[in-house]
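[1] here you go, sequence then predicted model.
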Amino acid sequence: MIQTQDLKFFSNMNKAMKSQDQIRNIAISGTFDNGQQQLYNILIKKWGVQTNTDLILTDNEQEFGQEFQSQCNIKNLYYQKKINKKEEEVEDGYLINLMKSQNNYHKQTESLARLSDGAIIIINFEFYLNNEIETIIRTFLKEQNKIVFFINKIEKAFLQQNLNGEEIYINLNLIIEKITQIIQLYKSDRILNPAFGQIIFGSAKQQWGFTCLQFAQFYENKFGIEHKKLAEKLWGDHYFDTSTKQWSTMSKDSQPLKRAFVAFILDPILKLSQAIMNGQKDIVYQMIERIGIQLNEDVKKQDGKELLKSILSIWINLADAIMQSCILQIPSPRTAQNYRAASLCKLDKNDKLFESIRDCNPKGPLVIQICLMIPYKQEFISIGRVYSGTIYTGQQIKILGCQQKDGKNQDLFQVIVGQTFCFPQGEPGYLEQIPSGNIVGIKGIDQFIKGTCTITDIQHSIQMTPIQYQQDNLVRITITPVDPIHLTLVIEAIKQLMKLHPTISLQLDPCLILTGNTYHHLQFFMEELINKYLNNVEIKKSNYFVSYRETITDISNKNQIKTPNKHNIIEGIATPLSDNLLNQIESDNQSITFKESLKINSKNWFQNEKLKIMAFGPNNIGPNILVNKSNYEDYQHLSEIEVHLNTTWQWFTKEGALCDEELRGVQINILQYLSHADNIHRGAGQIIPTARRLFYGCQLQAQPRLQEPVFLVEIHSNIYVIDQVYKCLNNAKGIVIEEKSFSETSFQKIKAYVKGLNIFQFHDSISQMTQNKAYSISSFDHWSLLNSDPLEDNSEANQILQDIRVKKGLSSQIQNYL
């Protein structure tokens, strides 16, 4: 264990850890190259524990420490706000559990949103907003997190773009308006206003930042206005007339006034920056004397950007601005769980366990949700949030997985806690017990955990709401060990690494197929798998390929199938879903009540059909519907085999008849069911294979087609390599849908659609052809129908179909089911 010199830090941290009102669980999130790591390091340097750099470590200790720090971006900070400038006058301290995604490919936003109560989302001043930012905002709002926004890289506005104060304000206001539009889509009751301290403006690179509230406190005595009221005048259309000493909401035509945000915040920063960059130190010293800051001799020797960074980071320190805003805007666990409890667990509000979670009671029953895994010394530490009770080393606990059947948990283990950890420094710090409201690391239980799970110490069965990861599962690759003797080793290595990548899935039959959300994520996973877990095993891998969907474009014949014992008959017909209904299902399928809303709101169904929906699929929520359209006499008999039909439906919609791809937009109506009077003649062994033949046969009769994914690609490029970007898009047969230039900059943003397999060619070529002067972000957008017939030899769709069947180890001939 790396020892530290700051014992006072641990004493303060332990004290704050036991007070649920003095804890803040905060995540940092944003897009590529937005300053996440810089901000994370700044906060740790100012408010974290400092390790003893003179300590001599063995090579193994250094290696384990470096690996843990690269994988674990959770740190405990201790923040104390000064009441006055005197060092001894401080408020009670706060324990800050600060979290950040490991890297851009791990897609940990969903896990961090569940662990935290609030987030700092970073947005670059010059790049505005993109689809990824909208996804991040939506994810945190979905988990009822409070959000603080940090608009970064503002220094470029006056150091590179030479914008004046009013131009900077206009750009900032445009960004804030777009953020507000996104928030209003998902949380109409959320109000975003810089005057409330919800937005920090600044530069992570130069370590300075401010809020309107901070400057309001600075000017409070000058204007004689309480700082919260004054902050409202420091944003928006508020002007101060120095001649009349009056505030107004309109500028004068005869003598235009500067808005307050420009006059009292931006202009002093711009004037100081200009004096520093021009070497006018006499003006600089006059200004810092009025501001009330002092410089040491080392700083006085600096000049240019180095001096600018030093002075601004002393005057308007970014770490202070971030922490003050977070303490004010982000609630404590006790406050947050009061309104989050209903969505975190499905318990009756009068249940004592629910009350314990809602109140964040450290003396209540133990309830923890495990959300992440972190590798440490050839094993894993399980990271979770303590929602109720207190966990301690040696405690006997129950681990409840996500698999439920008939109200009982299928993944149930009783184990003893190995060790419990906090994260104050480079390595995990051992603590004997950790109470509710905190983030905990648990050692010795990872072998019992698959994905997220719930930990408790009571007999009462509880299941925290599973984390809903965005799993498009569109990018795939097949892998095979050269020596078959290594197959088991490869499978175990993949399963171990999947603990760190919950959005990666593995299909074992008929071959090893890895599936991920994006090309970059799966590529990163493969590199880590081969280099860290299978460095002595030779692997054969296919090219990356995408998932397709199977659909139908016509109505099939009415088909009757007899069960193997000839005692039962099922009749059905396949028909395509309308586009309106299909879009409604896909847009609502994350909602628990989406079936009910579909039945009530859809205008594409007759009332009797609405009431006879038997199943959605796959996974009971997909865009395919099994409908009971039998007559009244058959209705009762059909309800007796509904479970078997649903089982078959999930199987069928998960693996279609063409090439084992998921189905989309298929409706099958059960028209008639003739059954034997004796239950023994209509069991699962008779019904499931018969229903399977019926479903597959109807699909193949209804003009089956393939759908390919279309990706929305967002490219940020230097204007000097824009020709190469367009060449990449042309090679990938991309369709440009939006172009946007940023005034006073050399950057341009392009949005384009790229279909199917072309996405890999595009991502591989853009970095090479632009020499890393352009980067792209891609996400699934919609499905596009391949018009050619996949059952017609040598057609485009048939070639794709045969390629998929070869990769999956299927025969080239499609089975005839009828």
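    Sure, I can see it. Numbering: from 1, shown residues only.

[2] for the residue most central in space within the chain, give its distance to Asn41.
    The centre of the chain sits closest to Thr109, judged by C-alpha atoms, centre = their mean, with a distance of 2.8 Å. Distance from Thr109 to Asn41, counting by C-beta to C-beta, to the nearest Å: 20 Å. Where C-beta positions appear, they are placed from N, C-alpha and C, glycine not excepted.

[3] now the residue nearest to the centre of the chain. Nearest residue, chain neighbours left out?
    Thr139 (4.9 Å; C-beta to C-beta, 6 or more residues apart in numbering).

[4] Asn317 now?
    Asn317 sits nearest to Trp208 (C-beta to C-beta, 6+ apart), 6.7 Å away.

[5] over to Gln672?
    Gln672's closest residue in space is Glu571 (C-beta to C-beta, 6+ apart), at 3.9 Å.

[6] list the buried residues for the strand or helix carrying the one you found?
    Per DSSP states H and E: Glu571 is located in strand 569-576. The neighbour-count check on strand 569-576 (16 or more other C-beta atoms under 10 Å) flags Ile570, Glu571, Gly572, Ile573, Ala574, Thr575, Pro576 as buried.

[7] same deal with stretch 532-541?
    Tyr533, Leu534, Val537.

[8] just send the buried residues of strand 569-576 back as a markdown table, with distance to Gly292 and pLDDT too.
    Converted to a markdown table, the buried residues of strand 569-576 look like this (distance: C-beta to C-beta, whole Å; pLDDT from 0 to 100):
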| residue | distance to Gly292 | pLDDT |
| --- | --- | --- |
| Ile570 | 84 | 93 |
| Glu571 | 86 | 93 |
| Gly572 | 81 | 94 |
| Ile573 | 81 | 95 |
| Ala574 | 77 | 96 |
| Thr575 | 76 | 95 |
| Pro576 | 72 | 94 |
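
[9] and which of those residues is nearest Cys212?
    Distances from Cys212 to these, taken as C-beta to C-beta, are shortest for Pro576 (54.9 Å).

[10] my guess is the closest one contacts Pro623. True?
    No. Counting by C-beta atoms under 8 Å, Pro576 stays clear of Pro623, with 11.1 Å between them.

[11] joint contacts of the two?
    Listed as contacting both Pro576 and Pro623 by C-beta atoms under 8 Å, 6 or more residues apart in numbering are Gly665.

[12] any chance you could map the strands in the stretch 51-200 of the chain?
    Using DSSP state E, counting those that start in this stretch, the strands found in the stretch 51-200 of the chain span residues 74-79, 94-100, 118-124, 146-152, 199-203.

[13] surely Leu366 touches Thr456?
    Yes. Assessed by C-beta under 8 Å, Leu366 is found in contact with Thr456 at 5.5 Å.

[14] overlap of the contact sets of these two?
    Here Leu366 and Thr456 have Ile397 as joint contacts, going by C-beta under 8 Å, 6+ apart.

[15] how about residues contacting stretch 521-536?
    103, 105-107, 475-477, 479, 489-490, 493-494, 496-497, 501, 503-504, 514-516, 539, 541, 544.

[16] now, of the residues you listed, which are buried?
    Buried among those by 16+ other C-beta under 10 Å: 103, 105-107, 475-477, 479, 490, 493-494, 496-497, 501, 503-504, 514-516, 544.

[17] my read: Leu270 touches Glu167, true?
    No. Counting by C-beta under 8 Å, Leu270 sits too far from Glu167 to count as a contact (10.9 Å).

[18] just send the strands of the stretch 51-200 of the chain back as a markdown table, with mean pLDDT too.
    Converted to a markdown table, those look like this (pLDDT from 0 to 100):
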| stretch | mean pLDDT |
| --- | --- |
| strand 74-79 | 91 |
| strand 94-100 | 93 |
| strand 118-124 | 94 |
| strand 146-152 | 95 |
| strand 199-203 | 95 |
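
[19] out of the ones you listed, nearest to Gln703?
    strand 118-124 (46.4 Å).

[20] residue furthest from the geometric center of this protein?
    Largest centre distance within the chain, by C-alpha atoms, centre = their mean: Ala677, 52.5 Å.

[21] residue ranges for the helices of the stretch 401-550 of the chain, please.
    487-498, 519-528 (DSSP state H, counting those that start in this stretch).

[22] winner for burial among these?
    helix 519-528 (a mean of 18; mean count of other C-beta atoms under 10 Å).
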